[in-house]
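Q: Sequence and predicted structure below; questions after.
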Amino acid sequence: MQQDPKLLLKKYMDGECSEEEKAIVESWYQELNNINAHHSLNNHPNKDLVEQTKKEVWNTLSVHKNKNKGTFLWLKITSAAVVLILLSVYLFLPDQKSTLTRQVAKISDIAPGGNKAFLTLANGKKISLTDAANGELVKEAGLVIQKKADGQLIYTAGNSAGSASGSQYNIIETPRGGKYQINLPDGTRVWLNSGSALKYPLNFTGHFRKVELKGEGYFEVAKDKTKPFLVKTTQQEVEVLGTHFNISSYTDEAVVKTTLLEGSVKVKATLVDSKVSSQEILKPGQQSQLRSNQLKIGPADLESVMAWKNGDFVFEGDDLKSIMRQLSRWYDVEVIYQGNFENLHFGGYVSRSKNISSVLNIMASTGKVHFKISDKKIIVTNNK
């Protein structure tokens, strides 16, 4: 059943729309962008008003060009812009109402990821944390593992915690479309992004607290001056005493990024035989980028780096394929490209709680790219 556009608009501005309804409203300005391409306004009685409305819409949406990085779209959909879009698409071009509604209604959609993870115990037992009930999950080697209502995984030291072997490891993995938070036995808190894994001992013994990371994780390390905390990835090692930092080390990304928010860290680029090829000390607000065993240090865009943990996507002139890799991991989809997208860049932000159609519709509104959702695949084509 089709809804009256005015009622749908009011629901949108009141924050009462479903994800499907949001996608419909947010696609209206995409249709507005294509009006001239499909319809002649020369003889339309409201031609001047339509043209002025289009200008105001695009000004509100802050679409602008960057000579070197392509098209940027700041993803801010204000109620004023939506009102203008509604007027243009529905009042001045009423013949498009039924066509547009049918078109959007046919789009399949994909829900965002959530708290999903698997815990593999030292004895090989695998627990789905997504399905596990809240409360105590297991006791082993003097440690109690509990799952809280908000999805956190917490370790509590028991009377025999000191007897737990440092050679016994647990592994927590987040699948594509998953994220999770874990409190390690020493009190360190770790947030894992989708498609990531953290390997850690049942008890931190010896001179170091060492863990291994695949994918992306944000660490708030518990302070212990007598026992430095080490995070090892396939290409580097990060050493800290107590600090807050983020590491992005996905295998499908060309650069390993370490970003420091608080404290101090030492980043070491390591070779296959674990020898250190180079190392740097980061200060708060800095980011190291490791490419081909070469470390480079520069200022970090903390908002962009921390967006995933804060529940958002934030793009600062990111190329399309980089953006799609993030979407692919969070929505657990396969991306298929049909065309050349090497010089297409976007900037902006959007909540990770939205369905994927909301994100794609906004990018498509630039007129530079088109997306088709087919089951768990996103087909990306050039607009011609």
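A: It's in. Residues are numbered from 1 along each chain as shown.
Q: got a list of what Ile281 touches?
A: Applying CB atoms under 8 Å, 6 or more residues apart in numbering to Ile281 gives the contacts 264-267. The way it works is simple: take the backbone N, C-alpha and C, and place the C-beta from them, glycine included.
Q: Show me these that map onto helices.
A: Using DSSP state H, the subset of the contacts of Ile281 located in helices is empty.
Q: For Phe208, give me its contacts.
A: 227-230.
Q: can you put the contacts of Ile281 in JSON lines and add distance to Phe208, neighbour count and pLDDT?
A: As requested, those are exported to JSON lines (distance: CB to CB, whole Å; neighbours: other CB atoms under 10 Å; pLDDT from 0 to 100):
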{"residue": "Ser264", "distance to Phe208": "16", "neighbour count": "15", "pLDDT": "92"}
{"residue": "Val265", "distance to Phe208": "14", "neighbour count": "27", "pLDDT": "94"}
{"residue": "Lys266", "distance to Phe208": "13", "neighbour count": "15", "pLDDT": "94"}
{"residue": "Val267", "distance to Phe208": "16", "neighbour count": "27", "pLDDT": "95"}
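Q: got the contacts of Phe208 as JSON lines, with neighbour count and secondary structure columns?
A: Conversion of the contacts of Phe208 to JSON lines gives the following (neighbours: other CB atoms under 10 Å; DSSP: H, G, I helix; E, B strand; the rest coil):
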{"residue": "Lys227", "neighbour count": "17", "secondary structure": "coil"}
{"residue": "Pro228", "neighbour count": "16", "secondary structure": "coil"}
{"residue": "Phe229", "neighbour count": "24", "secondary structure": "strand"}
{"residue": "Leu230", "neighbour count": "16", "secondary structure": "strand"}
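Q: Can you pick out the most distant pair from those?
A: Spatial extent of the contacts of Phe208 (CB to CB) is set by the pair Lys227 and Leu230 at 9.8 Å.
Q: Name the residues contacting each of those two.
A: With CB under 8 Å, 6+ apart as the test, Lys227 and Leu230 both reach 208-209.
Q: which intervals of this protein have sub-threshold pLDDT?
A: For the chain, residues meeting the criterion pLDDT under 70 lie at 1-10, 12-15, 19-108, 140-142, 157-167, 272-274, 384.
Q: For the lengthiest strand in the chain, name the packing helices and strands.
A: For the chain, the strand that runs over the most residues, judged by DSSP state E, is strand 209-220. Strand 209-220 is packed against strand 189-192, strand 196-201, strand 229-232, strand 244-249, with contacts defined by 3 or more CB pairs under 8 Å, 6 or more residues apart in numbering; DSSP states H and E.
Q: buried stuff in the first one?
A: What it means is strand 189-192. Buried residues in strand 189-192, counted by 16 or more other CB atoms under 10 Å: 189-192.
Q: Closest to Lys125 out of those residues?
A: So of the buried residues of strand 189-192, ranked by how close each gets to Lys125 (CB to CB), first place is Leu192, at 19.8 Å.
Q: Might one say that Ser196 is in contact with Thr233?
A: No. Counting by CB atoms under 8 Å, Ser196 stays clear of Thr233, with 10.8 Å between them.
Q: what do the two both touch?
A: Shared contacts of Ser196 and Thr233, counting by CB under 8 Å, 6+ apart, come down to 213-214.
Q: Of those two, which one has the most company?
A: Neighbour totals were compared for Ser196 and Thr233, and Ser196 leads with 27 against 21 (other CB atoms under 10 Å).
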